[in-house]
Every structure is written in C-alpha cells, then in structure tokens.
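Asker: Build me a model from this:
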Amino acid sequence: MKLSAHYSKASIIISVSVLLISGLIYYLIINHIARQQLDNDLADELEELVAYVNTNHSFPRSDNEDQLSYVKTNLQLFDTKFFDAPFLNVKEKENEAGRAVIALIKINNQNYIATIVESREGTEYLIQIISFITIILTVVLLSVLIITNRYVLNGLWRPFHYILGQVKHFNIANANGINTVDSKVDEFNELSDAVAKMSSRVTSDYQGLKTFTENASHEMMTPLAVITSKLDLLIQDETLRSDQLSQITDIYSATNRLARLNQSLLLLAKIDNNLMPETEWINIQTAIFEKTQQFQELIHSKNIELELTLNTLEINASKYLIDVLINNLFSNAIRHNETGGIIRIIINDKKLLFQNSGEQKALIDSIVFERFYKGKTSEGTGLGLAIMKNICNLYGFEIIYKYVNGLHSFEITFENRDKQMFS
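Answerer: You can find the predicted model right below:
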C-alpha cells in the first residue's frame, strides 16, 4: 500500500472516530440543555400553579399543552422532583415523550401531590434536526477530506514520484545523472538535492573506475602478449633441456590463462554496465550449426556423440554476446564431457537446451552461476557460467541448471518462462 493510501486510511479512521465521539458528546450536551430548559419551564409552571392555588384555593383546569393531575396525601414533606413521563396528545390520541415535575401543594389545610407533564415533542424534533445537520456536515467533511487526500496530497507528492521515477531509471553509465525538482515542500527539495548529488558522485566514481579498468586491462594485454610471444620463441628453442621446456610450458599455460581471465573480467564489466553493441535479429539454429563446425575437431577427438534437434528460433540481441553464450555452452559441454560421451542440443518452444554427459554428480545449482565457481578438476577460469548468466540477465532470458538422467542440462528460456522442457 502506498504512503498516501496509508495516510488517507489513518486520517479517515481518526476523523470518523473523532466525529463519532464528538457527535455523541454534542448530542448528550444538547439533550442535557434541552432537558434543563424543560425543567426550568416546568419550575415556572409550578410557581404559577402555586400562585393560582394560593389565590383561588383550587387547582386550575388542565390544558392540551400542560397536563395537570393531583392526589390527596397525608405526607407533610415531599421533595420536588423532575423526571421523564409520557405525555398524552389529545389531538393525536397517542402518547408522546414528556417531562414532568411532581411537588407537594397545600390547599385549605389539605396536602396534595401535584404532577405537571409537558410535551417534549418540540425539543425532540429540534434535537433530531440538529443531529441530522450534524450528520450531513460529517458526511460533507469526510467527502472533502477524501477528495483532499486524493487530489491535493497527490499533487504534493508528485515531486517525490518524479524523483522516484528518475531513481528507478537511473543508469550509472549515463552521464546526465538525476535532475533536481522545484517543490513547495522543503523535504522534497532536500531529497532531490541529496539524490542528485549522490547520483553525480556515483556516476563520477563509476566513470573513473571504468576508465581505470579499461586502461588497466589494455595495459595488461600488452605485456601479456609480449610474454606469450617470448615464450613461443623459447619453446621453439631446441637447445632447452626437457625440464626447462616443461617449466616454460607451464609459464606459457599460466600466461594464457591470465589473458583469458583478463578478457573475461573485462567482458563481465561491459555486460554489467550494458556497454555492448547494438542488437540485431539472430537465428539461433544457424548459430548452433556454425559452432558445431568450429568445435567439430574437439568433438571427434573425445569421440562424443552429437544429437541435434533444432527448430527455427530468432531472437533480438547482440550478435557478439550470443556468440559468446553459445561458445561457452559448447566449451562447457565438451570440456567437462567424458570420452565416448554425448551432447544433446534441442531448440523448441522458444527454448535452447544443452545436455551433456560427464561427472556422475550434480553441480551445486544454487552457486553454479557464481563467479569463479568450478569443479576440482576444471582448468578454466571459473567465469564461463557467470558470463552466460549475465548475458541472459541483460536481455531478460532465464537460464537454469539441472542434473537429469545422468546428464548435466542447461536450459535457456527466451520466452514463456513458466514452461520448462524437462522436469
């Protein structure tokens, strides 16, 4: 739930609670005031009754507005009381809510308990009108509050959403960085300035690191090429003893491995920062056939059986990266295969599946695509699978590893990710 929704929910709950409590208190106060007014009126009526009795030595007749009743009593003391009582509406011939006062009145040495009842209908109607107006005002207030939260607050939060959108689409390789926004809210202005400065520092640091990496990689290739060429000359020297030749060969292998490692790390850096060539439509079936020809000698040297089930499949990606991806799949399937083994390649339903025999043990699928992960007997750099994973992540492909029926399987899904070619 968004922050504005949380705020709207909280403000509405609090407002409704406050209005309900306030409405109840307001009703009780109005009802108390109305009752006090009726009691005052009844007290005045009682004073008038006492004055009339003292003058005329008899009770007056009851009218429709005030109903008077009295009974004889032997009581000498009686406290005057006010209470709620039904009032008989003669015209409507029905009982209504009323308020009464009861008191002791003396006529000609005879005590009477007199009761005066006055209708509360007018007061009740007034309370209903006030309550109705209060409810209407509450509904209007809540409507205004909801509209305010929905439109006014959305307008206030617009700079925040603009900053958030820039952060989501921020590309460290883009030198433009994040633009500041001018808002009426000071906090948003501070946030915008902080994010803009942070993106500027990150971009600057990235550019410096990128330049250093490229220069370092380039500078490393030159001495590595010199070392390799010198080692080539030494290996061709016929005067070398066998032990010297063995040591130079080891140095030559290590140098080549270091050169491949340098190229792989540089490629990973370019993939991570999306610094690859433009995309184009590539026929995967054709690419597989071409790689089959390139790796034919290696396949025959290990007497590997190659099974191909290839349907036409075209994707839009960098031709260079797809070539690296397929090359790594072939290299991995051949290098880790056994003599007389099998390689099975299937293209079907927007998927590419590589299966190969090899060590009769599954790889650790949770870390198989991590950098520098490799088997104990592997002589590679440990970056081949990581490069494959990064290429797939770059284009939104999905690559998974499974060990199925004694075969190591790598499946790349270009579309329809919820389907799998093997279980």
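Asker: Please enumerate the strands of the stretch 201-350 of the chain.
Answerer: With strands called from DSSP state E, counting those that start in this stretch, the stretch 201-350 of the chain shows them at 280-283, 305-310, 314-317, 342-348.
Asker: same question, the stretch 51-200 of the chain
Answerer: 66-73, 81-89, 94-107, 110-119.
Asker: chain center to the helix or strand bottoming out on mean pLDDT in the chain, what's the gap?
Answerer: One helix or strand of the chain scores below all others by mean pLDDT, DSSP states H and E: helix 242-272, with a mean of 76. Offset of helix 242-272 from its chain centre (C-alpha atoms, centre = their mean, to the nearest Å): 45 Å.
Asker: care to break the protein down by domain?
Answerer: 3-137, 187-272, 280-413 (automatic domain parsing).
Asker: quick one: average pLDDT of the longest one?
Answerer: When you say that, I think you mean domain 3-137. On average, the pLDDT along domain 3-137 is 82.
Asker: ok, and the closest non-adjacent residue to residue 182?
Answerer: residue 189 (7.2 Å; C-beta to C-beta, 6 or more residues apart in numbering). No exception for glycine: its C-beta is placed from N, CA and C like everyone else's.
Asker: Read off the pLDDT value for the one you found.
Answerer: At residue 189, pLDDT is 86.
Asker: How about residue 411?
Answerer: Note on residue 411: pLDDT of 91.
Asker: element containing it?
Answerer: Per DSSP states H and E, residue 411 falls inside strand 407-413.
Asker: of all the strands of the stretch 201-350 of the chain, which lies closest to residue 114?
Answerer: strand 314-317 (102.0 Å; C-beta to C-beta).
Asker: May I have the strands that pair with that closest one, each with its orientation?
Answerer: Strand pairing for strand 314-317, determined by DSSP bridges: strand 280-283 (antiparallel).
Asker: How about the partner strand, which residues are buried there?
Answerer: residue 282 (16 or more other C-beta atoms under 10 Å).
Asker: And stretch 328-335, by the same measure?
Answerer: 328-330, 332-334.
Asker: Ok, stretch 119-131 next?
Answerer: Within stretch 119-131, the residues that count as buried by 16+ other C-beta under 10 Å are 119-120, 123, 127.
Asker: Determine which two of those residues are furthest apart.
Answerer: Most distant of the buried residues of stretch 119-131, by C-beta to C-beta, are 119 and 127, 13.8 Å apart.
Asker: Hmm, residue 338 is touching residue 357, no?
Answerer: Yes. The pair residue 338 / residue 357 is scored as a contact, 5.7 Å apart, by C-beta atoms under 8 Å.
Asker: who's more crowded, those two?
Answerer: Neighbour totals were compared for residue 338 and residue 357, and residue 357 leads with 19 against 14 (other C-beta atoms under 10 Å).
Asker: Got the confidence number for that one?
Answerer: On the pLDDT scale, residue 357 gets 91.
Asker: hang on, isn't residue 146 packed against residue 12?
Answerer: Yes. Contact criterion C-beta under 8 Å: residue 146 and residue 12 qualify, at 6.8 Å.
Asker: ok, now which ones touch the residue of the chain positioned farthest from its centre?
Answerer: Distance from the C-alpha centroid of the chain peaks at residue 108, with 88.6 Å (C-alpha atoms, centre = their mean). Residues near residue 108 by C-beta atoms under 8 Å, 6 or more residues apart in numbering: residue 57.
Asker: Please shift the residue numbers so they start at 791 in all later answers.
Answerer: Understood, numbering begins at 791; the last thing we discussed is residue 898.
Asker: Find the nearest non-adjacent residue to residue 1202, please.
Answerer: residue 1142 (4.5 Å).
Asker: Can you check the pLDDT for the one you found?
Answerer: pLDDT, read off for residue 1142, is 91.
Asker: Can you classify it by secondary structure?
Answerer: strand (DSSP: H, G, I helix; E, B strand; the rest coil).
Asker: in the sheet, who's paired with it?
Answerer: Beta-bridge partners, per DSSP bridges, of residue 1142: residue 1137, residue 1202.
Asker: wait, what's in contact with it?
Answerer: So residue 1142 contacts 1074, 1103, 1135-1136, 1201-1202, 1204 (C-beta under 8 Å, 6+ apart).
Asker: ok, of these, which one's closest to residue 870?
Answerer: Of all those, residue 870 sits closest to residue 1204, with 95.6 Å by C-beta to C-beta.
Asker: can you tell me how far that closest one sits from residue 1193?
Answerer: 23 Å (C-beta to C-beta, to the nearest Å).
Asker: of the two, who's got more company?
Answerer: residue 1204 (21 against 16).
Asker: gap between the nearest residue to that one once chain neighbours are set aside and residue 1188?
Answerer: Nearest-residue entry for residue 1204: residue 1140, 4.8 Å, with adjacent residues in sequence omitted and distances by C-beta to C-beta, 6+ apart. Distance of residue 1140 to residue 1188, computed by C-beta to C-beta: 11 Å.
Asker: show me where pLDDT drops low in the stretch 991-1140 of the chain?
Answerer: 1004, 1007-1008, 1062-1067 (pLDDT under 70).
Asker: Go again with 80.
Answerer: For the stretch 991-1140 of the chain, residues meeting the criterion pLDDT under 80 lie at 995-1012, 1014, 1025, 1027-1031, 1034, 1042-1043, 1046-1068, 1139.
Asker: Dump the domains of the chain to CSV, plus distance to residue 962.
Answerer: Listed next are the domains of the chain as CSV, based on distance: least, C-beta to C-beta, whole Å:
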stretch, distance to residue 962
domain 793-927, 27
domain 977-1062, 5
domain 1070-1203, 15
